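J.: Generate coordinates for the sequence data below:
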Amino acid sequence: MAVGAPCRPDRFRRDRVSDWLRGRRGALALAFGGSAVRYGELADAVAAAALPGGDGLVACPVGTDPVRLIAVVLACLERGRPVLVGGDAADAARISPDLPAGTELTMLTSGSSDPAAAPRAVARTNESWLASAAPLADVAGLVADDRVAVTGPLHVSMHLYAALHALWLGAAVGDDVTRASVVHATPTRFTRIVEGRQVPPSAIVAGAAMSDALRAQAARRGIRVTEYYGAAELSFVAAGRGPSLSPFPGVEVELRPVASGRELWARSPYLALGVIGGGMLRRDDDGFATVGDLAEPVGTDAFRIAGRGDAAITTAGATVLAEAVESRLVGLPGVAAAAVIGEPHELLGERVVAVVELDGTADASTVVAAARASLPAAELPRRWFVQAVPRTVSGKPARGLLRAALASGTLGPEHPSVSDRGVS
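T.: Below is the predicted model:
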């Protein structure tokens with residue numbers, strides 16, 4: 001059956017289960033932790049799900065079993081109850097008074113900039129996600145026969161959406177990458193997949209920009225990669241198969257000049273209703289929204305994501321984007337992961353500090369030497385730390401944690417500086 005076609009008798013009636021469930025009753029729906037659940041069983045679990053009394057926000061805390069989480073989320077959407085994914089009852093009580101009217105789905109999300117801040121809640125309608133289901137299937141070439149693997153916890157928005165999208169397709173979704181025809185992954189997780197003995201034929205990668213080296217490695221392994229850029233607040237914004245992306249179907253994009261570059265603004269039916277607890281989401285009177293990410297135009301209808309504006313480092317009069325330096329460092333032999341932050345400096349304003357995680361094929365001195373030979377002077381880190389890179393739950397470098405550790409002197413031993421290239 002083609003995606004988006006009218007339901008046949010062997011598919012569920014829309015008045016019984018959510019629009020997200022489109023598989024045949026006997027077909028495999030979920031396969032997490034070795035447990036297999038068929039569409040009929042999942043529909044029964046949705047119908048039988050016990051929700052708290054009243055009409056308040058239903059909490060699905062971190063650590064909820066994936067099958068139960070999906071059943072509760074679908075039950076809430078069916079019964080008109082707003083649901084909070086990634087938060088407990090206390091979180092639900094905290095954010096409930098501020099939920100925008102019409103909220104159906106709320107996700108707790110934490111950024112990389114402030115480790116002390118309470119998680120913010122992104123509130124949206126079910127339709128704002130459902131509307132992007134058919135466009136994503138078309139962009140990525142997904143069909144009901146696919147077996148989809150998610151590679152992260154379902155309380156993270158990109159992974160929950162991936163699971164729901166697979167159910168919308170009528171496909172099977174689980175956590176076994178070795179049996180998948182398509183995987184959803186961040187670049188960090190995808191790097192490990194590409195290096196495995198058995199790789200999937202297709203992948204959807206998001207959460208951060210892929211490096212050219214990772215794209216080339218995926219191509220050598222015969223993996224068809226679809227990249228997309230989005231945010232929990234904006235949902236899908238752009239997609240493509242290379243470093244430059246084009247607007248996702250249904251999205252209007254504007255690149256507006258700001259001090260640190262061109263800020264990306266998007267208008268689409270996929271935008272969230274709002275954010276509770278702060279965050280970067282801003283709106284204008286014309287329906288466009290931004291989270292402060294920067295982009296560089298490539299031709300007339302494509303662009304390259306440059307990084308988050310709040311991750312810009314001003315050093316010696318130059319603006320350096322943390323994501324750009326991280327991408328260059330990860331492309332060096334021996335570097336498994338990298339995080340870049342700015343540190344206040346009396347003469348430079350800020351100086352670039354790098355935390356690199358090595359893969360065991362090169363030592364720190366070799367990596368620093370390679371960086372000195374390949375990075376522009378403004379982007380060259382003046383201080384180096386070699387250790388595991390901490391990450392947020394969504395897989396991004398936890399720069400806030402690193403800034404706090406650097407400021408308190410607890411980041412760890414510093415590798416010898418590279419001050420002969422400039423002021424250290």
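J.: Using the record's assignment, carve the chain into domains.
T.: 28-227, 316-421 (automatic domain parsing).
J.: rank the ones you listed by pLDDT, which is bottom?
T.: Of all these, the minimum mean pLDDT falls on domain 316-421 (a mean of 86).
J.: quick one: which of the domains of the chain is nearest Ala289?
T.: domain 28-227 (11.8 Å; C-beta to C-beta). C-beta: built from backbone N, CA, C; applies to glycine.
J.: Now do the contacts for the residue nearest to Ala149 when sequence neighbours are not counted.
T.: The shortest distance from Ala149 to any non-neighbouring residue, by C-beta to C-beta, 6 or more residues apart in numbering, is to Ala180 (3.6 Å). For Ala180, the contact set (C-beta atoms under 8 Å, 6 or more residues apart in numbering) comprises 147-149, 174, 200.
J.: For stretch 399-407, what is the distance to the chain centroid?
T.: 21 Å (C-alpha atoms, centre = their mean, to the nearest Å).
J.: do stretch 19-37 as well
T.: With C-alpha atoms, centre = their mean as the basis, the mean position of stretch 19-37 lies at 24 Å from the chain mean.
J.: And it, end to end?
T.: Here the two ends of stretch 19-37 are set 18 Å apart, with distance taken as C-alpha to C-alpha, to the nearest Å.
J.: all helices for the stretch 151-300 of the chain, in order.
T.: Ranges of helices in the stretch 151-300 of the chain, per DSSP state H, counting those that start in this stretch, are 157-169, 187-194, 212-220.
J.: For the second one, enumerate the helices and strands it packs against.
T.: Secondary-structure packing of helix 187-194 (3 or more C-beta pairs under 8 Å, 6 or more residues apart in numbering; DSSP states H and E): strand 182-185, strand 202-205, helix 212-220.
J.: quick check, distance from that helix to the centre of its chain.
T.: That offset, for helix 187-194, works out to 14 Å (C-alpha atoms, centre = their mean).
J.: And that helix, what's buried?
T.: 187-191, 193-194 (16 or more other C-beta atoms under 10 Å).
J.: now the residues you listed in a markdown table, with distance to Glu78?
T.: Below are the buried residues of helix 187-194 laid out as a markdown table (distance: C-beta to C-beta, whole Å):
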| residue | distance to Glu78 |
| --- | --- |
| Pro187 | 35 |
| Thr188 | 35 |
| Arg189 | 31 |
| Phe190 | 34 |
| Thr191 | 38 |
| Ile193 | 34 |
| Val194 | 38 |
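J.: out of the residues you listed, what pair is the most spread apart?
T.: Between any two of these (C-beta to C-beta), the greatest distance is 11.2 Å, for Thr188 and Val194.
J.: Would you point to the one among the helices of the stretch 151-300 of the chain that's packed deepest?
T.: Most buried of these, by mean neighbour count (mean count of other C-beta atoms under 10 Å): helix 157-169, with a mean of 24.
J.: for that helix, packing partners?
T.: With contacts defined as 3+ C-beta pairs under 8 Å, 6+ apart, helix 157-169 has these neighbours: helix 66-79, strand 105-109, helix 126-130, helix 133-140, strand 147-150, strand 172-174, strand 182-185.
J.: which residues are contacting the longest one?
T.: The set of residues that contact helix 66-79 without belonging to it, under C-beta under 8 Å, 6+ apart, is 17-18, 20-21, 30, 32-33, 35, 37, 42, 45-47, 49, 51, 58, 60, 64, 81-83, 85, 104-105, 126, 154-155, 160, 163-164, 167, 175.
J.: May I see the buried residues of that helix?
T.: Under the neighbour-count criterion of 16+ other C-beta under 10 Å, helix 66-79 has 66-67, 69-78 buried.
J.: Could you pull out the buried residues of the helix or strand that that helix is followed by?
T.: Downstream of helix 66-79, the next assigned helix or strand under DSSP states H and E is strand 83-85. Of the residues in strand 83-85, those with enough neighbours to count as buried (16+ other C-beta under 10 Å) are 83-85.
J.: could you dump those residues to TSV with distance to Ala137?
T.: Listed next are these as TSV, based on distance: C-beta to C-beta, whole Å:
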residue	distance to Ala137
Val83	24
Leu84	27
Val85	22
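J.: Spatially nearest residue to the most centrally placed residue in the chain (excluding sequence neighbours)?
T.: Residue closest to the average C-alpha location in the chain (C-alpha atoms, centre = their mean): Gly207, at 3.1 Å. What sits nearest to Gly207 in space, not counting adjacent residues and going by C-beta to C-beta, 6+ apart, is Thr186, at 3.8 Å.
J.: what's the burial count for that neighbour?
T.: 21 (other C-beta atoms under 10 Å).
J.: Run a quick check on it versus Ala209, I expect a contact.
T.: No: counting by C-beta atoms under 8 Å, Ala209 is not a contact partner of Thr186; they are 10.6 Å apart.
J.: Please enumerate the strands of the stretch 251-400 of the chain.
T.: 252-258, 261-267, 274-276, 282-283, 289-290, 293-298, 302-308, 312-315, 318-321, 335-345, 349-358, 383-386 (DSSP state E, counting those that start in this stretch).
J.: Out of those strands, flag the one nearest Pro243.
T.: Closest approach to Pro243 among those (C-beta to C-beta): strand 302-308, 5.6 Å.
J.: how far away is Arg81 from Arg94?
T.: 18 Å (C-beta to C-beta, to the nearest Å).
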